[in-house]
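any chance you could fold what I've pasted below:
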Amino acid sequence: CVFNDPATTEIYTLSLHAALPILKVKQLSSPNYDERKGAPIDILLLHYTGMTTGNAAVARLCDPESGVSAHYVIEEDGSVLQLVAEESRAWHAGASYWAGKTNINARAVGIELVNPGHEFGYGDFPQAQIEALIELGLGIVNRHPIPAHRVLAHSDIAPERKMDPGEKFPWNRLASHGLGIWPRNVSIGKPDEQWNETAHRPENVALVQEKLAVIGYNCPITHSYDAHTTDVVVAFSRHIQLSDKDWSDETARFVIPPETDLLLSAVVGLVKADRKRKRLNSSNKTSSYAYLSFKKKNNNIVRSELS
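Below is the predicted model of the structure:
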């Protein structure tokens, strides 16, 4: 079960976007799947493989003893391999939660991106790999009722135990093609001088927890920055605050910074707007990306229109 196996079968060739290369998908069956049992396919879930090579990852995803699989694997050069049919339930999410649901495997299409991950030398995701992901992802969300705000990271649904695809993943680029949401042009004003004195107050912590819960995270209202809340905020930061920073460094001394709180409010607005939006037909869906713009007016942050 390897990427360069000549016995793999090309199942389709397509291009949904003129600016993206034609995507060739090869098929190699994993035995690790079962039935979805009626759940809607409404989540696109992104992972990194977290192993030394792509071949090692594919071998594990096809090993019946491993008990894990994914629908697709994308190599660093953009090669795409399908291991499980989208109609079946692949085993990739593990113990997880999103927006009141816990059986995420039953409702998700899982994509593994070949990357050694934090354990084996985490690196940038190559352009060819991301272009293939965008093309594949556009096809998936056209085939299933997956809204932009339900294109998720493994770390979003399992923040206490997962970090992937990590802080180097270009969520903003995916969102520009309609895969996910991203707050655009958020101008950060001068931080409140009393922020650090007030951010830890129970009523303010509860507001942060409420925002995270609205987005979909498993974040009970505890009125304190407990370990679980910290893990959830770190997962949110990995997804929304694109940087090379290892957000896990924050867990030992955590107080949410003002810019993260502003981004939380922005994403809440995007999620609510996306939930209300009627599903577009397939010919228009690639232009349905959700952005929320902010601008400064009289030194205050104000929200501008959704675009």
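
do a quick rundown of the helices in the stretch 151-300 of the chain.
Remark: helices assigned in the stretch 151-300 of the chain by DSSP state H, counting those that start in this stretch are 154-157, 171-175, 195-198, 202-215, 227-240, 258-276.

rank those by pLDDT, which is bottom?
Among the helices of the stretch 151-300 of the chain, helix 195-198 carries the lowest mean pLDDT, at a mean of 79.

what's that helix packed up against?
With contacts defined as 3 or more Cβ pairs under 8 Å, 6 or more residues apart in numbering; DSSP states H and E, helix 195-198 has no helix or strand neighbours. All C-beta spots, glycine's among them, are computed from the backbone N, C-alpha and C.

return the most buried member of the helices of the stretch 151-300 of the chain.
Stretch with highest mean neighbour count among the helices of the stretch 151-300 of the chain: helix 154-157 (a mean of 26; mean count of other Cβ atoms under 10 Å).

can you give the distance of that helix from its chain's centre?
Offset of helix 154-157 from its chain centre (Cα atoms, centre = their mean, to the nearest Å): 7 Å.

with stretch 156-173 instead?
6 Å.

and it, C-alpha only, in CSV?
The C-alpha coordinates for stretch 156-173 follow below in CSV (Å, rounded to 0.1, in the frame of the first residue of the first chain):
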residue,chain,number,x,y,z
ASP,A,156,-10.6,22.0,16.3
ILE,A,157,-12.6,18.9,17.1
ALA,A,158,-10.0,17.4,19.6
PRO,A,159,-8.1,20.3,21.0
GLU,A,160,-6.8,18.5,24.1
ARG,A,161,-5.0,15.8,22.1
LYS,A,162,-4.4,17.0,18.6
MET,A,163,-2.3,19.8,17.0
ASP,A,164,-2.9,19.2,13.3
PRO,A,165,-2.7,20.5,10.7
GLY,A,166,-1.0,23.1,12.8
GLU,A,167,-0.1,26.8,12.8
LYS,A,168,1.7,26.7,9.4
PHE,A,169,-1.4,25.6,7.6
PRO,A,170,-2.7,28.4,5.2
TRP,A,171,-6.3,28.6,6.2
ASN,A,172,-6.6,32.1,4.7
ARG,A,173,-5.7,30.7,1.2
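
so how far is residue 26 from residue 242?
Separation of residue 242 from residue 26 (Cβ to Cβ, to the nearest Å) stands at 31 Å.

repeat for residue 240
Counting by Cβ to Cβ, the gap from residue 240 to residue 26 is 33 Å.

repeat for residue 161
For residue 161 relative to residue 26 (Cβ to Cβ), the value is 31 Å.

do residue 257 as well
Residue 257 is 44 Å from residue 26, where distance means Cβ to Cβ.

same thing with residue 156?
Residue 156 sits 29 Å away from residue 26 when distances are taken as Cβ to Cβ.

any idea where the strands of the stretch 101-250 of the chain begin and end?
Using DSSP state E, counting those that start in this stretch, the strands of the stretch 101-250 of the chain run over 108-113, 151-153, 181-184.
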